[in-house]
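Engineer: heads up, no residue letters with this:
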């Protein structure tokens, strides 16, 4: 008696069956939302990115059904939709947690402690990069620069900022999320689930009370360069997070009383460089070929 290839578990490289459709009620609801998004663009295919966020808000990640829906609505092939959905990291390709916890491990955040935070969270949660906790609450990942270097090291939860983190504060953060305790970002809108975030990213308004007003603007540390460009001068705000807190050092303008609104960064202090350290002078630059 012979055994077929399928019975032996041997793959013959056959293509997958077509993706199933959404249930009728879900499809009708998504179609109404999709038409609203498509109407905003002169070329319908320009709505692909918002539509991918829309289908992600339905299931928490971009499924084959979601990609087929986008293709149908925009008169694209599923290959064209898949090429986009697999290119951008904000689109999840598999089930993930209610809260995407991303630790920046790019250069400055890594130097300031991001690598240590990421390692601590992996051990604390028992998951690796891209892993989701058993309760489905947290998906952990390392992420690239989020343009918040002045608040390094930064942790983001569903793309909301949690600034100046430490391994201890990051562990408390994920513990609070898993326990359902209230968590407030350092700045920006109140936290919501990943599905809710995806719908907002699709282009629909955040209808929670006070959410829009809470978004605010750049933090004070981000605006130092702008103040200097305008000719404003203040004393250097030197912060020593590991020896008991911030210290104010007067400059030409005299003593500086820090405003309670200031959000100091742990690397606001000037650092020794080859130009400022007598023990390691920079010296003249060598001419090419010398």
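Structural biologist: Sure thing, it's come through. Nothing here was measured: the structure is a model prediction, and the numbers come from that model. Residues are numbered from 1 along each chain as shown.
Engineer: need the residue closest to the centroid of this protein.
Structural biologist: Residue closest to the mean C-alpha point of the chain, counted by Cα atoms, centre = their mean, is residue 159 at 3.9 Å.
Engineer: now do the contacts for that residue.
Structural biologist: Listed by Cβ atoms under 8 Å, 6 or more residues apart in numbering, the contact set of residue 159 reads 100, 197, 201. Where C-beta positions appear, they are placed from N, C-alpha and C, glycine not excepted.
Engineer: now those as CSV including distance to residue 37, secondary structure and neighbour count?
Structural biologist: Shown next, in CSV, are those (distance: Cβ to Cβ, whole Å; DSSP: H, G, I helix; E, B strand; the rest coil; neighbours: other Cβ atoms under 10 Å):
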residue, distance to residue 37, secondary structure, neighbour count
100, 22, strand, 22
197, 16, helix, 23
201, 11, helix, 18
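Engineer: can you add distance to residue 66 and give these back as JSON lines?
Structural biologist: Putting the contacts of residue 159 into JSON lines (distance: Cβ to Cβ, whole Å) gives the following:
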{"residue": "100", "distance to residue 66": "17"}
{"residue": "197", "distance to residue 66": "16"}
{"residue": "201", "distance to residue 66": "14"}
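Engineer: nearest to residue 52, of the residues you listed?
Structural biologist: Of all these, residue 201 has the smallest distance to residue 52: 9.4 Å, by Cβ to Cβ.
Engineer: verify the contact between the closest one and residue 55 for me.
Structural biologist: No: with contacts counted by Cβ atoms under 8 Å, residue 201 stays clear of residue 55, the gap being 11.9 Å.
Engineer: buried stuff in stretch 100-119?
Structural biologist: 100-106, 108-110, 112-115, 117-118 (16 or more other Cβ atoms under 10 Å).
Engineer: out of those residues, the closest to residue 192 would be?
Structural biologist: For the buried residues of stretch 100-119, the nearest to residue 192 is residue 100 (11.7 Å; Cβ to Cβ).
Engineer: what sits against that closest one?
Structural biologist: So residue 100 contacts 139, 141, 156-159, 194 (Cβ under 8 Å, 6+ apart).
Engineer: hmm, 7 Å instead?
Structural biologist: 139, 141, 157-158, 194 (Cβ atoms under 7 Å, 6 or more residues apart in numbering).
Engineer: now secondary structure too, for those, in a markdown table please.
Structural biologist: Listed next are these as a markdown table, based on DSSP: H, G, I helix; E, B strand; the rest coil:
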| residue | secondary structure |
| --- | --- |
| 139 | strand |
| 141 | strand |
| 157 | strand |
| 158 | coil |
| 194 | helix |
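Engineer: nearest spatial neighbour of residue 164, chain-adjacent residues omitted?
Structural biologist: Nearest non-adjacent residue to residue 164, counting by Cβ to Cβ, 6 or more residues apart in numbering: residue 151, 5.6 Å away.
Engineer: that neighbour and residue 140, how far apart?
Structural biologist: Using Cβ to Cβ, to the nearest Å, we find residue 151 at a distance of 20 Å from residue 140.
Engineer: give the contact list for the nearest residue to residue 203 once chain neighbours are set aside.
Structural biologist: Spatially, and ignoring its direct neighbours in sequence, residue 203 is nearest to residue 50 (4.9 Å; Cβ to Cβ, 6+ apart). When contacts are counted by Cβ under 7 Å, 6+ apart, residue 50 touches 37, 202-203.
Engineer: 10 Å instead?
Structural biologist: Contacts for residue 50 (Cβ atoms under 10 Å, 6 or more residues apart in numbering) come out as 33-34, 36-38, 40-41, 70, 201-204.
Engineer: quick check on it: phi, psi?
Structural biologist: phi -60, psi -40 (degrees, to the nearest 10).
Engineer: report the separation between it and residue 84.
Structural biologist: Counting by Cβ to Cβ - residue 50 and residue 84 are separated by 12 Å.
Engineer: what do these two both touch?
Structural biologist: In contact with both residue 50 and residue 84: residue 70, using Cβ under 10 Å, 6+ apart.
Engineer: check the spacing between residue 65 and residue 21 real quick.
Structural biologist: 7 Å.
Engineer: the strands in the stretch 101-250 of the chain, which residues?
Structural biologist: 138-143, 155-157, 160-162, 237-240, 245-248 (DSSP state E, counting those that start in this stretch).
Engineer: by mean pLDDT, show me the worst of these.
Structural biologist: Comparing mean pLDDT across the strands of the stretch 101-250 of the chain, the weakest is strand 245-248, with a mean of 47.
Engineer: run through the stretch 151-290 of the chain and note the low-pLDDT ranges.
Structural biologist: Applying pLDDT under 70 to the stretch 151-290 of the chain flags residues 212-219, 234-290.
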